[in-house]
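Novice: Below is the sequence, then the predicted model.
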Amino acid sequence: MMEFLSKFTEFFSWLPDLWNIHLLTVDGKDVTLGKMVTGLLLFVIGYFICRTLSKEIEKRILSHLDIDASLKHTLKTMIFYAMLIILTLFVLRLLNVPITIFAVLGGAMAIEVVFGSKNIVKNFISSLILMIERPVRVGDIIEVQGEGLKGSVENIGARSTIIKSMDNTHFVVPNSSFLEKNVLNWTLSDDVVRTNVTVGVAYGSPTRKVEDLLRESVSGHERILKYPEPLVLFAEFGDNSLNFELYFWTRVVNVMQLRVLQSHVRFRIDELFHANSITIAFPQRDVHLDTAKPLQVSLLNNSSHIKP
């Protein structure tokens with residue numbers, strides 16, 4: 001047994017030497033492999049602890065504050081980043097590693113940026129700008145111009161933002177896209193938006209009656225605001241119809257909810273027009289035949305037949 005223990009100890013005798021391998025010297029202090037491994041393990045464990053603590057702070061403290069959800073998310077993220085910075089300084093102090101090591105690591109990081117990490121750094125900096133300026137917040141309904149991306153913001157991470165579309169699918173968008181492209185934010189200042197429904201009626205229809213019916217179609221609806229008041233515009237004399245535009249205001253939660261509201265208004269318009277004998281126009285064309293002489297028309301077997 002003693003011989004086995006002796007061989008076992010002899011076999012692993014190289015571990016202390018490996019643990020104390022010198023990697024670099026910063027401000028006269030040696031940084032060994034053991035310190036790097038220990039620091040990495042402490043940082044990984046601390047990362048998950050910081051993440052759990054930030055969630056608990058949001059649930060137990062921030063959730064009771066009278067602030068909107070997007071600000072709560074921003075505060076939780078900033079608290080998480082602050083705890084990470086404190087964790088990093090604590091680990092360096094615990095291992096007696098000087099902070100100036102960041103100058104060495106910064107040079108290495110600069111090389112990594114040149115060779116492919118530039119986008120990661122750019123998106124991380126963009127996330128900080130988004131949280132400070134807050135042009136896009138969690139819960140906002142946005143549309144990225146030129147990309148066809150439309151939906152509500154679910155999460156703003158360190159590298160990307162998650163957008164939930166009205167089809168219940170998720171887009172993962174790099175944070176830098178919100179700073180480099182035009183973004184339509186429907187709920188930046190508040191959740192009140194204006195939308196519209198267009199309709200065309202046949203020529204000869206009583207236009208004032210049409211106006212009254214359009215106003216009636218949105219009056220009393222629980223999701224349509226009374227103020228600002230709905231607006232009816234006689235838009236134009238179209239090729240096949242007299243075109244009207246009905247504008248009204250509502251509080252929007254998501255894009256699909258807005259489309260459902262527009263559908264309800266169209267159903268109501270169709271019911272009112274049908275009850276008041278107002279015809280919704282459809283495309284029509286007058287065909288003129290240029291012939292040398294009048295056309296002769298005759299009926300054969302109950303069907304129309306045209307002879308030149």
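Specialist: Nice, thanks for sending it over. Numbering: from 1, shown residues only.
Novice: Name the spans of this structure whose pLDDT lies under the cut-off.
Specialist: Counting by pLDDT under 70, the ranges of the chain that qualify are 1-20, 22-31, 68, 70, 95, 97-118, 301-308.
Novice: now the strands for it?
Specialist: With strands called from DSSP state E, the chain shows them at 22-26, 29-32, 141-144, 149-156, 160-164, 170-174, 183-185, 192-201, 231-237, 242-251, 296-300, 303-307.
Novice: Okay, angle between the fifth one and strand 149-156 too, please.
Specialist: Pointing back at strand 160-164 there. In terms of direction (axes from the mean of the first three to the mean of the last three C-alpha atoms, to 10 degrees), strand 160-164 departs from strand 149-156 by 130 degrees.
Novice: CA-only coordinates of strand 160-164 in CSV, if you can.
Specialist: Extracted in CSV, the C-alpha atoms of strand 160-164 (Å, rounded to 0.1, in the frame of the first residue of the first chain):
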residue,chain,number,x,y,z
SER,A,160,-28.2,41.4,-29.9
THR,A,161,-31.8,42.3,-29.4
ILE,A,162,-34.7,39.8,-29.6
ILE,A,163,-37.8,41.0,-31.4
LYS,A,164,-41.0,39.0,-31.2
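Novice: Buried residues, the longest helix anywhere in the chain. List them.
Specialist: Criterion DSSP state H: the longest helix present in the chain is helix 33-60. The neighbour-count check on helix 33-60 (16 or more other C-beta atoms under 10 Å) flags 34, 35, 38, 39, 42, 43, 46, 50, 54, 57, 58 as buried. No exception for glycine: its C-beta is placed from N, CA and C like everyone else's.
Novice: Columns distance to residue 264 on top of the residues you listed, output as TSV?
Specialist: Below are the buried residues of helix 33-60 laid out as TSV (distance: C-beta to C-beta, whole Å):
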residue	distance to residue 264
34	69
35	66
38	63
39	60
42	58
43	54
46	53
50	47
54	42
57	42
58	37
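Novice: If we only consider these, which is nearest to residue 280?
Specialist: residue 58 (51.6 Å; C-beta to C-beta).
Novice: That closest one and residue 72 touch, don't they?
Specialist: Yes. Using C-beta atoms under 8 Å, residue 58 is in contact with residue 72, at 6.2 Å.
Novice: thinking again about what came up before, of the strands of the chain, flag the one that's most buried.
Specialist: strand 141-144 (a mean of 20; mean count of other C-beta atoms under 10 Å).
Novice: List the neighbouring strands of that strand plus their orientation.
Specialist: strand 149-156 (antiparallel), strand 183-185 (antiparallel) (DSSP bridges).
Novice: could you dump the ones you listed to JSON lines with distance to residue 197?
Specialist: Below are the strands paired with strand 141-144 laid out as JSON lines (distance: least, C-beta to C-beta, whole Å):
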{"stretch": "strand 149-156", "distance to residue 197": "19"}
{"stretch": "strand 183-185", "distance to residue 197": "20"}
